[in-house]
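> Mind folding the following:
(one chain, ligands or ions: 2)
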Amino acid sequence: MIVADRKPIQEILDMLGDCEKLLIVGCNACVAICMAGGEKEVSELASLIKIAKKKQGKTIKITEQVTERQCEEEFVKEIESEIKAHDKILSMACGVGVQLIAKMYEKKLVYPALNTKFMGLPEEQGQWAETCAGCGDCRLADFGGVCPVARCSKNLLNGPCGGSVDGKCEVDPDNIECAWQLIFDRMKMLKQVDKLLKIEPAKSWKTSRDGGPRKVIKEDVRL
Ligand code: SF4
Ligand code: SF4
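Ligands and ions are numbered 1, 2, ... in the order given. The predicted structure follows:
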């Protein structure tokens with residue numbers, strides 16, 4: 001899923017300025033699952049903004065909405081009447097959802113309430129970890145299903161780097177497991193360690209962001 005985190009309240013207040021009427025739009029997909037922009041978080045943020053405004057001796061009228069998926073036009077259209085009734089919209093979707101509303105309603109001011117972080121997995125209650133960097137050329141089959149691109153701090157395809165201690169990454173031993181220890185352990189279990197002896201050529205990043213913004217085009221389903 002796409003993992004995101006809410007911006008600090010002061011940053012959100014600074015973005016909104018002297019706003020007196022606001023629409024907050026959450027999303028029921030990834031950001032709801034990672035507890036950043038679902039119905040509950042929309043309601044919490046609305047309360048925080050109202051309290052902050054009250055402390056400043058000001059008032060604000062806030063309408064709350066949650067789309068099923070804010071990255072698809074058909075779901076955004078379901079709340080079109082509310083969007084049209086507001087000049088300022090605070091989106092609690094990932095950056096994709098924010099940009100879709102901005103694209104569909106170009107005269108509206110659309111602000112991001114979240115910082116979109118990465119594609120990842122939940123590790124435990126309240127904790128998510130980056131697991132895929134969307135490199136465009138998936139190599140998980142060669143590394144026992146553990147991604148060295150996203151999970152090794154140095155993106156090494158020929159690891160480990162030599163800095164791993166007790167299975168922890170030298171970049172941040174308290175928080176990061178050494179991806180290459182995980183790869184080795186899994187390949188050993190699968191009896192495929194010999195595959196790791198092969199020297200990997202330098203990775204081509206042209207399928208990644210280095211080639212500019214990417215597109216996926218499926219000719220068979222185009223109209
Ligand atoms: S190899 Fe690339 S596509 Fe596959 S999980 Fe890693 S970053 Fe994602
Ligand atoms: S310690 Fe492991 S995860 Fe960290 S940079 Fe080195 S090989 Fe990569």
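> wouldn't residue 146 be in contact with residue 190 here?
No - here residue 146 does not reach residue 190: they are 11.2 Å apart, not a contact under C-beta atoms under 8 Å. The way it works is simple: take the backbone N, C-alpha and C, and place the C-beta from them, glycine included.
> Distance-wise, check residue 200 relative to ligand 2.
Note on residue 200: its distance to ligand 2, by C-beta to the nearest ligand atom, to the nearest Å, is 13 Å.
> Sorry, slip of the keys, the one I care about is residue 12.
Residue 12 is 34 Å from ligand 2, where distance means C-beta to the nearest ligand atom.
> Please report phi then psi for residue 104.
phi -70, psi -30 (degrees, to the nearest 10).
> re earlier: which of residue 146 and residue 190 has more residues huddled nearby?
Taking other C-beta atoms under 10 Å, residue 146 and residue 190 do not tie; residue 146 has more neighbours (20 against 11).
> Look up how far residue 155 lies from the more buried one.
Using C-beta to C-beta, to the nearest Å, one obtains 13 Å as the distance from residue 146 to residue 155.
> With residue 181 instead?
Taking C-beta to C-beta, one finds residue 181 at 16 Å from residue 155.
> Next: residue 223.
Residue 223 is 38 Å from residue 155, by C-beta to C-beta.
> and those two? which has more neighbours close in?
The neighbour comparison of residue 223 against residue 155 (other C-beta under 10 Å) goes to residue 155, with 16 against 2.
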